[in-house]
Every structure is written in C-alpha cells, then in structure tokens.
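1. below: sequence and its predicted model.
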Amino acid sequence: MAFAFGSLVPTNTNTLCLSISLQPLSNLIITTKNHTKFMFSGRGSFSYGNSLSCSDQRASSSSSSIATIVCSASNKPSSSEISSTAKIRSEVLSPFRSVRMFFYVAFIASGSLGGFIAATQLIGALANPSRAPQVADIAKGLGIDIGAVSIFAFLYFRENKAKNAQEARLSREESLSNLRLRVDEKKIIPVSSLRGIARLVICAGPASYVTESFKRSLPFTEGLIDRGVLVVPFVTDGNPASLEFEESDEELDKRRKRLWQLAPVYITEWSEWLNDQKKLAGVSSESPVYLSLRLDGRVRGSGVGYPPWNALVAQLPPVKGIWTGLLDGMDGRVL
C-alpha cells in the first residue's frame, strides 16, 4: 500500500483537498488527533460532527486508484453548542433569575387554585339565596386571587422575556467570538482570544467610511492604545481602504499601525454575522455601523456612523498603571 499526499491549502471556503494514492483502494482508515478512527471504503462520503465532511472522488485505473478527499471545516460551532454556552453565561450573569421564576410559577399556581375554589363557592352562593350574605366576601377573595395571578404572570413573562433577550445577545456574542482575525501574515486568531486583552471596535462599511474613520482616529491614537482599543476595519464593498501612515514620527506611526493592525478573515462569515445584527437592530443593510466591545467580549455600544473616538478615550480606563485590574469592568453598560 502506498500513499501520496498533496499540499493542504485552506481557501476562503474553508476547504482542504487531500489526494491519496492507494494500490489497491479498498478500505481507508483515518485517525484524528484525538484517536478517533473512521473507516472509508468504496464510493461515498462521511462526515465528522459539525466540523468535518469528506467525499470521495476516484479515477478508475487497472493498476492503481486515486482517491481525492475533500474536507470542509467551519469555524463556527453548532447552534446547539452556542445556545448551551449562552444559557450557562446567562445563569452566571443572573444567578437568581431561575429562583424568581420558580416562585412566580408557584404563586401563579397557588392563586389559580384559590381562584378556582373561590369561583365554585361564588357559583354555589349565587345559586343558594340563603348564602347571599357570603357573596361579597367570596367575590372579594376571587378578585384578590385573580389580581395576584395577573401580577405574577406579568412578572414571569417579563422575566422570561429578559432571559430570552439576554441569551440571544450572548449567543450573538459567542458567534462573534468565533470569527477570525488576521494579526499578521502568519498569525490568525479568533476574536475570543482577545478577551481580557483588548477592547475591539469594529468599523463596518464601504472603503470610504473606513478611511474616514481611520482619519478621525489619528488625533486619539495615544489615548486609544493606552485603553487597549484595537480597531477591526471591515470593508463591505470590496474596495481597498486607504490607511496612510505618516512617516514623520516613527514611534507614533508604529502605534497607529498597531491600532489598525487587525483584519477580518473569512469575509462571508463576518458579513452574515453583521447582517444579522443589522436586522435585529432595524438598521439598513447598506448603512455603515460601528460596534464597541468590552474587555470581556460583550458589546458595549453600537451605532450608525463613525465611532466616537473622543468619547472612548474619555470614558474608558487605561489598561496599564495603578488602575489595572481595578477598573477592568468599568467599560460602561452592555447592550
């Protein structure tokens, strides 16, 4: 048995192509890094979870066969995994919400039972003239039960709405954390790896918008870098943005390049995530927008137009110095 491996080159569609030459080609066993084995025989395809799928394409030959295995991988976890992570984070952020909702349900059940009993008593009292003096008291008790059920039902549905909104927001943030960024020619990282390190500001729009955002940030370069801000310029019209750095001050030029050094990878996934955010916010898909993230990766602010660089410098605490750690959570409220 002989194997011939070709080069594995990722493309924008996250596809790896591997050609294997076997003589003869009957059974193929693939072992992953975690020692999971797959047996592949004959024509067909197989898949592994939500991250790997393979198909077999052969060229018939009398002496040998060539199997081309096309593997597709996605950076995104499954929706169920995102939902599970979001629920866990939601429980951590609001630990007493489940307790409150439990008591709301208990009070609703108790009030409903009391109201049912009062309603039957009221019907009996109305049907029996001898019990007419009790009608007022029974009706009063029934009204109290109905009022209690209504109040606790309102509180429960309001709490449940807040829970669903928080989980949806955390799910969107988890999706964002799985998107990829290029730091330099050799290094690609997920957004999640910058949690606790940098406050990202995503500028998404046509090239002219990104260029103007860059120009407006120049006077605030020092303050933004000191506050751990890194910009992700996401050009949506396919044209190159003009990010021209001055050569007069070498040190300042380095800091500006550091501020704007990140670049989105896998543009399709970024576009899908951004379009989802715009739909939820009721913003036109053509509108240029910005998103500001906290150190913990949660969305701090967003809007249509240019990022408020001066407000970021004024409101965010430095990430170095005597206040390091103490003010890490003072990023403002989350959306």
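-> Great, that's in hand.
2. give me the beta-bridge partners of V201?
-> On the basis of DSSP bridges, V201 is bridged to V231, S292.
3. quick thing: my sequence starts at 46, can you match it?
-> That works, and once the first residue is 46, the last one we named lands at V246.
4. that one touches L336, doesn't it?
-> Yes: using C-beta atoms under 8 Å, V246 is in contact with L336, at 7.3 Å. The way it works is simple: take the backbone N, C-alpha and C, and place the C-beta from them, glycine included.
5. which parts of this protein are helices?
-> 124-138, 142-172, 180-222, 252-262, 266-271, 295-304, 312-326, 354-360 (DSSP state H).
6. between those, which gets nearest to V236?
-> When the helices of the chain are compared by C-beta to C-beta, helix 180-222 sits nearest V236, at 5.0 Å.
7. quick revisit: okay, the helices of the chain in CSV with distance to R345 and mean pLDDT next?
-> Formatted as CSV, the helices of the chain follow (distance: least, C-beta to C-beta, whole Å; pLDDT from 0 to 100):
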stretch, distance to R345, mean pLDDT
helix 124-138, 15, 64
helix 142-172, 22, 91
helix 180-222, 11, 88
helix 252-262, 17, 92
helix 266-271, 14, 90
helix 295-304, 17, 80
helix 312-326, 14, 87
helix 354-360, 9, 91
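8. of all the ones you listed, which one comes closest to G283?
-> So among those, helix 252-262 is nearest, using C-beta to C-beta, at 8.2 Å.
9. run the angle between that closest one and helix 295-304 for me.
-> With axes from the mean of the first three to the mean of the last three C-alpha atoms, to 10 degrees defining the directions, helix 252-262 sits at 130 degrees from helix 295-304.
10. the nearest residue to W305 once chain neighbours are set aside: how many residues sit nearby?
-> The shortest distance from W305 to any non-neighbouring residue, by C-beta to C-beta, 6 or more residues apart in numbering, is to V276 (5.2 Å). Applying other C-beta atoms under 10 Å, we find 24 residues neighbouring V276.
11. with Y201 instead?
-> Y201 has 18 nearby residues by other C-beta under 10 Å.
12. show me what contacts it?
-> By C-beta atoms under 8 Å, 6 or more residues apart in numbering, the residues touching Y201 are M146, Y149, V150, I153.
13. just those residues now: which is nearest R343?
-> M146 (23.0 Å).
14. picking up where we left off before, could I get the helices of the chain as CSV with distance to S347?
-> Conversion of the helices of the chain to CSV gives the following (distance: least, C-beta to C-beta, whole Å):
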stretch, distance to S347
helix 124-138, 19
helix 142-172, 25
helix 180-222, 11
helix 252-262, 14
helix 266-271, 17
helix 295-304, 19
helix 312-326, 7
helix 354-360, 13
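15. of the ones you listed, which is nearest G348?
-> Nearest of those (C-beta to C-beta): helix 312-326, 9.3 Å.
16. by contact count, what packs against that closest one?
-> Counting contacts by 3 or more C-beta pairs under 8 Å, 6 or more residues apart in numbering; DSSP states H and E, helix 312-326 is packed against helix 180-222, strand 334-338.
17. may I have the shortest one as PDB, with CA atoms only?
-> What follows is strand 334-338, C-alpha atoms only, in PDB (Å, rounded to 0.1, in the frame of the first residue of the first chain):
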ATOM      1  CA  VAL A 334     -22.000  50.900  11.500                       C
ATOM      2  CA  TYR A 335     -19.600  50.500  14.400                       C
ATOM      3  CA  LEU A 336     -19.600  48.200  17.400                       C
ATOM      4  CA  SER A 337     -17.500  48.700  20.500                       C
ATOM      5  CA  LEU A 338     -16.700  45.700  22.700                       C
END
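18. what is that strand packed up against?
-> Checking 3+ C-beta pairs under 8 Å, 6+ apart, strand 334-338 ends up next to strand 244-250, helix 312-326, strand 344-349.
19. between these, which gets nearest to Q211?
-> By C-beta to C-beta (comparing all of those), the closest turns out to be strand 344-349, at 12.2 Å.
20. paired strands for that closest one, with orientation please.
-> strand 334-338 (antiparallel).
21. quick check: angle from the partner strand to helix 180-222?
-> Using the same axes, to 10 degrees: strand 334-338 against helix 180-222 is 100 degrees.
22. list the buried residues in strand 334-338.
-> Using 16 or more other C-beta atoms under 10 Å as the test for burial, strand 334-338 gives V334, Y335, L336, S337, L338.
23. got it, and stretch 171-178?
-> Buried-residue list, stretch 171-178, by 16+ other C-beta under 10 Å: empty.
24. same question for stretch 202-213.
-> E204, K208, Q211, E212.
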